[in-house]
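K.L.:
when you get a sec, could you give me coordinates for this:
(2 chains)
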Amino acid sequence: MLVRTLTELKANEYGIIREILGGASLTNRLGALGIIPGQKITKISSMFSKGPVTVQVNRSQIALGFGMASKILVDVERKSE
Amino acid sequence: MKILLMGNPNVGKSVLFSRLTGVRVLSSNYPGTTVNYTQGFMKVSGETAEVIDVPGTYTLEPTCEAEQVAAEMFPSGDVIVDVVDATNLERNLYLTLQLLEQKKPIVVALNLWDDTKHRGISIDVDKLRDILGVPVIPISARTGQGINELVKSIPDATYPNNLPSSLDERWAAIGNIIDQVQHITHRHHTWYEQLEDASVKPRYGGFIAAVILAASFLSIRYLGESLIDYVFDPIFNNLWTPVLMKLSGVMGGGGFLHDIIVGKLIEGKIHFVESFGLLSSGLYVPFAMVLPYIFAFYFVLGLLEDVGYLPRLAILLDTTMHRLGLHGYAIVPTLLGFGCNVPAVLSTRVLESRRERFIAATLVCIAIPCASAQAMIFGLVGKFGFQYVLIVYLTLFFVWIILGSILNLFLKGLSPELLIEIPPYRLPPWNSIFQKLVMRIRHFLIEAVPIILAAVLVINILFVFGVFDAIARFTAPVITGLLGLPKEAITGIIIGFIRKDAALGMLGLLPLTAKQMVIGSVVLTMFFPCIATFVVLLKELGLKDFFKSSAIMIITSMAVGGILNLIL
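P.N.:
Take a look at the predicted model:
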């Protein structure tokens, strides 16, 4: 098990949200969209130079700013390569 | 009885609203199309009930103006129809639970039911109803399936007891519900799902965006020009000119009334731009110069909106937009502004902070020419050569970038980060694209044509009384000295306050050089919003910020006009 921020994940990698490092307002905003600890999250893409990160949670695709994405910690299963 | 349609953004509330009330409202495939509420009426068990289309929200704790509207509307409802996207039950149930906790009678409408099957989703509706304790009706607002059942269930609306009340509890409850009612069969990615992923990847995404934007621009231009050349010009030249000439003859070929109604004859003929009579330019400008481009623009925009491309463009442009103090989603108001600045300013409500709304609205009013203005720029500047049209657009683009960066530097506060849901691509729903186009064109005809006609009438009368000469003498130092335009150009700039198309038409009356036409068009676009935008801007920004925004417009337009005069 590795802990990564969402920004460190590569495209198509997935993990389980471990923690959201932020105040109640961020937790609530993300929470309303289904981004909550314990939830599976898959990274779809990220833009150049600290651009937004696109993820899949449940059945929705959500784009979030780099700052927000770096506050989301994800448990990633170490893949055997 | 007051019924509120509530739900997450982009679940089809507006489509359902149109179905229930017959009132047509705009709908698109991106979150935030509805930023204000619309009211309509329907019959429920023989009685008239008021129905409100509420802006979409993810939670009752608002994060932007549009969600604020929703949170404020909520207490006024007697019954809530909670519209839920059945293809995304999990996320939608969060708001549903929040609504249920408020102890108001609720019916859940499971919209997009027809989409669930081919997405491999099956939902046990009876079980969901039992768990939630309120009526749950599968519907398809687009096809009309289930609408009767929904209406019949409204009197049964109710609310349950014993509900969770914190974020964690809600999500735990949702997890349970989903386990019991939803079953998803795995299936392979379709080609447009692969396209969905590609369009938000940096390299492919950038390429796709460039192709889509170039194709959009070219098709708007081609479609608009073809309509003018092959439809409207022939109608006016071959059918309308003879009628007007006959009328001119009857009215004696000149004089006060003749010039107002038919317009001045130019070398004994009607000239549809320069004659400037009610029945010549007054009809030609809105119908043959502007309408074709309105049609072309809104057709292409509607296509992009309903396919679901706009949020993806927002992601690609996010980094760039941050330099202007905005985040990527501000591209939505910006693109709407190319049609009309009024809905553009309204749609800044999807942005989170006041600062961002101020920057976005000001930039739209200054640097984004509406379709009416663009049509006239194509028509009047274009006759000198396309390179001059390009200069106008490039100038406005640089103003957008530079002014945005300056505002970002000097306005206090940070620009918030992007957080949006990206809708799935949908194949173009031609029916709804067509309906939307008809709505927008009707809006143009009802709002714009009478104002253009009134403007032409007023301009003619003021001309006769020499009012413009007086103003022209007074403003000559700025107009001639700074901008290098003939002093009569002030009339156009003043009329720009009423409508940009009529104003550019006024510039068309003057014997301007290419350079003067470019400067005139740029200044007219930037100087001041038209009266309709003015009213909305005042309402949305408040008096103080409105004055700030206006001051910025006047100063930048004069500065940019002056610079163009020096360097061109």
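
K.L.:
what sits up against the strand or helix carrying residue B:48?
P.N.:
Assigned by DSSP states H and E, residue B:48 belongs to strand B:47-53. Strand B:47-53 is contacted from outside by B:1-5, B:13-14, B:17, B:20-21, B:25, B:34, B:37-43, B:73, B:77, B:154, using CB atoms under 8 Å, 6 or more residues apart in numbering or on different chains. Every C-beta, even on glycine, is put in place using the N, C-alpha and C of the backbone.

K.L.:
residue numbers of the stretch 151-300 of chain B in contact with chain A?
P.N.:
Counting by CB under 8 Å from any CB of the partner chain, the positions of the stretch 151-300 of chain B adjacent to chain A are B:167, B:168, B:171, B:196, B:197, B:200, B:201, B:202, B:205.

K.L.:
quick one on the thing from earlier: next structured bit after the strand holding residue B:48?
P.N.:
In N-to-C order, the element after strand B:47-53 by DSSP H and E is helix B:65-73.

K.L.:
return the set of buried residues in that next one.
P.N.:
Residues of helix B:65-73 classed as buried by neighbour count (16 or more other CB atoms under 10 Å in any protein chain shown): B:65, B:66, B:67, B:69, B:70, B:71, B:73.

K.L.:
check contacts around the residue nearest to the fifth one when sequence neighbours are not counted.
P.N.:
Think residue B:70. Nearest non-adjacent residue to residue B:70, counting by CB to CB, 6 or more residues apart in numbering or on different chains: residue B:57, 4.2 Å away. Residues counted as contacts of residue B:57 (CB under 8 Å, 6+ apart) are B:6, B:8, B:9, B:66, B:67, B:70, B:71, B:95.

K.L.:
now do the strands in the stretch 301-450 of chain B.
P.N.:
All strands of the stretch 301-450 of chain B, identified by DSSP state E, counting those that start in this stretch, fall at B:419-422.

K.L.:
about what we covered before: selection in PyMOL covering whichever of the residues of the stretch 151-300 of chain B next to chain A are buried, please.
P.N.:
To isolate the buried members of these in PyMOL, using 16+ other CB under 10 Å:
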select buried, chain B and resi 167+171+196+197+200+201+202+205
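
K.L.:
out of the contacts of residue B:57, which is nearest to chain A?
P.N.:
residue B:95 (7.4 Å; CB to the nearest CB).

K.L.:
the closest one and residue A:32 touch, don't they?
P.N.:
Yes - judged on CB atoms under 8 Å, residue B:95 makes contact with residue A:32 at a distance of 7.4 Å.

K.L.:
which residues do those two both contact?
P.N.:
By CB under 8 Å, 6+ apart, the residues touching both residue B:95 and residue A:32 are B:58, B:59.

K.L.:
next one, pLDDT for the nearest residue to residue B:288 once chain neighbours are set aside please.
P.N.:
With sequence-adjacent residues excluded and distances taken as CB to CB, 6+ apart, residue B:288 is closest to residue B:232, at 3.8 Å. For residue B:232, the model assigns a pLDDT of 96.

K.L.:
tell me the SS of residue B:232?
P.N.:
Look at residue B:232: counting by DSSP: H, G, I helix; E, B strand; the rest coil, its state is helix.

K.L.:
could you measure from the closest residue to residue B:397 other than its chain neighbours over to chain A?
P.N.:
What sits nearest to residue B:397 in space, not counting adjacent residues and going by CB to CB, 6+ apart, is residue B:367, at 7.4 Å. Distance from residue B:367 to chain A, counting by CB to the nearest CB, to the nearest Å: 23 Å.

K.L.:
for residue B:367, which residues are in contact?
P.N.:
Residue B:367 touches B:396, B:397, B:399, B:400, B:403, B:525, B:526, counting by CB under 8 Å, 6+ apart.

K.L.:
might one say that the third one is in contact with residue B:553?
P.N.:
Meaning residue B:399. No - using CB under 8 Å, residue B:399 is not in contact with residue B:553, being 10.7 Å away.

K.L.:
who touches both of those two?
P.N.:
The contact sets of residue B:399 and residue B:553 overlap at B:366, B:526 (CB under 8 Å, 6+ apart).

K.L.:
can you map out the strands along chain A?
P.N.:
In chain A, the strands defined using DSSP state E lie at A:2-5, A:14-20, A:40-46, A:53-57, A:60-64, A:72-76.

K.L.:
chain B contacts on chain A?
P.N.:
Those residues of chain A that sit near chain B, judged by CB under 8 Å from any CB, are A:11, A:27-34, A:36, A:39, A:44-52, A:54, A:57-68.

K.L.:
okay, now residue 45: neighbour count?
P.N.:
Just going to use chain A. 23 (other CB atoms under 10 Å in any protein chain shown).

K.L.:
oops, wrong one, chain B.
P.N.:
Residue B:45 has 10 neighbouring residues, counting by other CB under 10 Å.

K.L.:
ok, for it, nearest residue in space, not its chain neighbours?
P.N.:
Nearest one to residue B:45, counting by CB to CB, 6+ apart, is residue B:155 at 5.7 Å.

K.L.:
same check on residue B:58?
P.N.:
residue A:32 (3.9 Å).

K.L.:
same deal with residue B:451?
P.N.:
Per CB to CB, 6+ apart, closest to residue B:451 is residue B:499, 5.5 Å.

K.L.:
ditto for residue B:7
P.N.:
That would be residue B:83: by CB to CB, 6+ apart, it lies 3.6 Å from residue B:7.

K.L.:
measure the one you found to chain A for me?
P.N.:
Residue B:83 sits 16 Å away from chain A, going by CB to the nearest CB.

K.L.:
give me the number of residues near that residue?
P.N.:
As a burial measure, residue B:83 scores 31 neighbours (other CB under 10 Å).

K.L.:
which helix or strand contains it?
P.N.:
Using DSSP H and E, residue B:83 falls in strand B:79-85.

K.L.:
try residue B:91
P.N.:
Assigned by DSSP H and E, residue B:91 falls within helix B:89-101.

K.L.:
and that helix, what other elements does it pack with?
P.N.:
Applying 3 or more CB pairs under 8 Å, 6 or more residues apart in numbering or on different chains; DSSP states H and E, we find helix B:89-101 packed against helix A:24-32, strand B:2-7, strand B:79-85, strand B:106-111, helix B:167-181.

K.L.:
got the CA coordinates for that helix in PDB?
P.N.:
Output of helix B:89-101 as PDB, limited to C-alpha atoms (Å, rounded to 0.1, in the frame of the first residue of the first chain):
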ATOM      1  CA  LEU B  89     -27.800   7.400  -8.900                       C
ATOM      2  CA  GLU B  90     -25.000   7.400  -6.300                       C
ATOM      3  CA  ARG B  91     -24.000  11.000  -6.600                       C
ATOM      4  CA  ASN B  92     -27.500  12.300  -7.100                       C
ATOM      5  CA  LEU B  93     -28.800  10.600  -3.900                       C
ATOM      6  CA  TYR B  94     -26.700  12.900  -1.800                       C
ATOM      7  CA  LEU B  95     -28.900  15.900  -2.600                       C
ATOM      8  CA  THR B  96     -32.000  13.600  -2.400                       C
ATOM      9  CA  LEU B  97     -31.100  12.700   1.200                       C
ATOM     10  CA  GLN B  98     -30.400  16.300   2.100                       C
ATOM     11  CA  LEU B  99     -33.800  17.300   0.700                       C
ATOM     12  CA  LEU B 100     -35.600  14.500   2.500                       C
ATOM     13  CA  GLU B 101     -34.100  15.600   5.800                       C
END
